[in-house]
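Undergrad: 3D, please:
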Amino acid sequence: MPGLTRPAHVRGSRSSAPRRCSARVAAARAATTLVSVLLVVAASVLGAVAGSGRGAGAAESTRPAVATVQCTRPAPTTAAGYQRMFDSLYGVWAGGDQALSVPLPGARTLWIFADTISARRSATGGYARGLTMRHNSFVIQNRGCLTPVASTPLPNIDPTHWFWPNSAIVSGGRLYIFAMRVRQIGTGWSGFSTYGASVAKFSLPRTGVPQLQSVASLPAGNSDGAVLWGAGVVAQGSWIYVYGTQGVPLAQGLGRRMLVARVPAGHLSDPHALQFYGANAFSPTAASARPVIAAPGGVSTSVSVLPAAGGGVTVVSKRSEVFGRYVAEWTAPTPAGPFTLANATLLSAPSLTKPGELLYTPQAHRESRLAGGALLVTICRNNTAFTMLKADGLLYRPQFAAVPQPR
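TA: Model (predicted):
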């Protein structure tokens, strides 16, 4: 796929919607003329999306069933197979970013997206008139079939405040989604900001759609400023480890710091049960949290965290945010570190290989089993020009790739 390749030396081995994409660009704060131009272009993109409507559902004729359909097709076993499966969707789900996934009861998989486009396919392969957008969505996979869910799983707080999912985990028979809280403060790419994070708890019916039960706010940050808690999450032993990311001044680099907290399994919806890692120990005080991965060449806004043998973890993220060139892999013998950059070139995914094209927010999907034992990875794709996104109905969709499983 264009712009997304395994680096040559390892190939043989084992949009966001424009509004969300602009948030990634703004977060990078790159001090170059190129970035300034991109941001100006992104402002026009946002205006176009706002003009297209952001309704919670699609047109009457594209409304899907909310229960998982019976499926006789086997699940894909290659990244190309997953790409074809998602590229075939139009209607209630015709594009989205973030692309989280968790296992569901009944041998199903839940795919969780942030800004989501609903649209029919035009005769020329773009989006037909009547495009709408919502800020998060579910798609349920049953073997080789996908069922989009028409509702918005995390409803807007109010017309100017909403949620963007950031990470998710199933624990104790419940689904927990960590999400950024976002507010509109004006128009254009600078007309909104994140102002914290929340954790949402969902029930898990065996055959239906997860149902929202509660939402709780997470701590705001540490002594160095705001921390986006819930950027990643992993279970290890009797604890759930919740990772946060933190932006830094431009002089310190385009990447973000990564921090870690933990909560006893069974207490994920209780923010007061969180313990924060700093000075080689966990503390109940959020201000004591200290980075376990530094910002220069650091992680993206979101991270994908996988459990490893012996109690360790592997972190998959794009270095230096949207303008980095590679998805990288960090490893640690414990969930709190120390972290080592194990593979700086796990997957080549540079932005701007085509005019305005941006690649960002990789996620790993271990529950999706690929041939040869490879690890399925997605990365979000978007373009700063709304005309490009509207003309190509396959542009704003997760891009799938296979990489070696972490050791």
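Undergrad: what ranges of the stretch 101-250 of the chain fall below the confidence cut-off?
TA: Applying pLDDT under 70 to the stretch 101-250 of the chain flags the ranges 188-190.
Undergrad: where do the strands sit along it?
TA: Secondary structure of the stretch 101-250 of the chain (DSSP state E, counting those that start in this stretch): strands located at 108-113, 116-118, 132-134, 137-142, 145-148, 161-171, 174-184, 192-203, 211-217, 221-222, 225-226, 228-236, 239-246.
Undergrad: where's residue 260, which helix or strand?
TA: Here residue 260, judged by DSSP states H and E, is contained in strand 257-264.
Undergrad: And the next helix or strand after that strand, what does it pack against?
TA: Later in the chain than strand 257-264, the nearest helix or strand by DSSP H and E is strand 275-278. If you count contacts as 3 or more Cβ pairs under 8 Å, 6 or more residues apart in numbering; DSSP states H and E, strand 275-278 packs onto strand 257-264, strand 281-283. (Glycine included, C-beta is placed from N, CA and C.)
Undergrad: partners of the helix or strand just after the shortest one, with directions?
TA: Looking back up the chat, that one is strand 281-283. Next helix or strand after strand 281-283 toward the C-terminus (DSSP H and E): strand 304-307. Neighbouring strands of strand 304-307 in its sheet, by DSSP bridges, are strand 313-318 (antiparallel).
Undergrad: now the angle between strand 228-236 and the strand it pairs with, please.
TA: Orientation of strand 313-318 against strand 228-236 (axes from the mean of the first three to the mean of the last three Cα atoms, to 10 degrees) gives an angle of 140 degrees.
Undergrad: Give the other helices and strands that whichever helix or strand comes after strand 313-318 contacts.
TA: Using DSSP H and E, the next helix or strand after strand 313-318 towards the C-terminus is strand 326-332. If you count contacts as 3+ Cβ pairs under 8 Å, 6+ apart, strand 326-332 packs onto strand 313-318, strand 340-348.
Undergrad: Point out the most buried one among these.
TA: strand 313-318 (a mean of 26; mean count of other Cβ atoms under 10 Å).
Undergrad: and that strand, how far from the chain's centre?
TA: The chain centroid and the centroid of strand 313-318 are separated by 13 Å under Cα atoms, centre = their mean, to the nearest Å.
Undergrad: Other residues contacting that strand?
TA: 232, 234, 236, 241, 243, 258, 293, 299-300, 302-308, 324, 326-332, 334-335, 339, 342, 346, 349, 359-364, 377, 379, 406 (Cβ atoms under 8 Å, 6 or more residues apart in numbering).
Undergrad: Drop anything exposed from these.
TA: Among those, those scoring as buried are 232, 234, 236, 241, 243, 258, 293, 299-300, 302-308, 324, 326-332, 334-335, 339, 346, 349, 359-364, 377, 379, 406 (criterion: 16 or more other Cβ atoms under 10 Å).
Undergrad: that older thread, Throw the helices and strands packed on strand 326-332 into TSV and include mean pLDDT, thanks.
TA: Putting these into TSV (pLDDT from 0 to 100) gives the following:
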stretch	mean pLDDT
strand 313-318	98
strand 340-348	97
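Undergrad: Distance to residue 116 added to those, as CSV?
TA: Below are these laid out as CSV (distance: least, Cβ to Cβ, whole Å):
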stretch, distance to residue 116
strand 313-318, 21
strand 340-348, 24
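Undergrad: Centroid-nearest residue for the protein?
TA: Centroid-nearest residue in the chain, with Cα atoms, centre = their mean: residue 98, separated by 2.7 Å.
Undergrad: Leaving out sequence neighbours, find the closest residue to it.
TA: residue 114 (4.0 Å; Cβ to Cβ, 6 or more residues apart in numbering).
Undergrad: now swap in residue 366 and tell me
TA: residue 306 (5.9 Å).
Undergrad: and the gap between the one you found and residue 257?
TA: Here residue 306 is placed at a distance of 20 Å from residue 257 (Cβ to Cβ, to the nearest Å).
Undergrad: got it, and residue 402?
TA: In this view, residue 402 and residue 257 are 29 Å apart by Cβ to Cβ.
Undergrad: who has more neighbours, the two?
TA: When neighbours are counted by other Cβ atoms under 10 Å, residue 257 comes out ahead of the other of residue 402 and residue 257, with 25 against 21.
Undergrad: so which of the helices and strands packed on strand 275-278 comes closest to residue 271?
TA: Comparing the helices and strands packed on strand 275-278 against residue 271 with Cβ to Cβ, the closest turns out to be strand 257-264 (8.4 Å).
Undergrad: Export the closest one to PDB, keeping only CA atoms.
TA: The C-alpha coordinates for strand 257-264 follow below in PDB (Å, rounded to 0.1, in the frame of the first residue of the first chain):
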ATOM      1  CA  ARG A 257       6.600  11.300  26.900                       C
ATOM      2  CA  MET A 258       5.100   8.000  28.200                       C
ATOM      3  CA  LEU A 259       4.100   7.500  31.800                       C
ATOM      4  CA  VAL A 260       2.500   4.600  33.600                       C
ATOM      5  CA  ALA A 261      -0.100   4.000  36.400                       C
ATOM      6  CA  ARG A 262      -1.700   0.800  37.600                       C
ATOM      7  CA  VAL A 263      -5.000  -0.200  39.200                       C
ATOM      8  CA  PRO A 264      -6.100  -3.500  40.700                       C
END
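Undergrad: mean confidence score for it?
TA: For strand 257-264, mean pLDDT rounds to 98.
Undergrad: So what touches that strand?
TA: By Cβ under 8 Å, 6+ apart, strand 257-264 touches 222, 227, 229, 231-232, 238-248, 270, 273-277, 282, 286, 289-295, 298-299, 303, 315, 335-337, 339.
Undergrad: Filter the residues you listed down to the buried ones.
TA: 222, 227, 229, 231-232, 239-248, 274-277, 282, 286, 289, 291-295, 298-299, 303, 315, 335-337, 339.
Undergrad: All good on my end, thank you.
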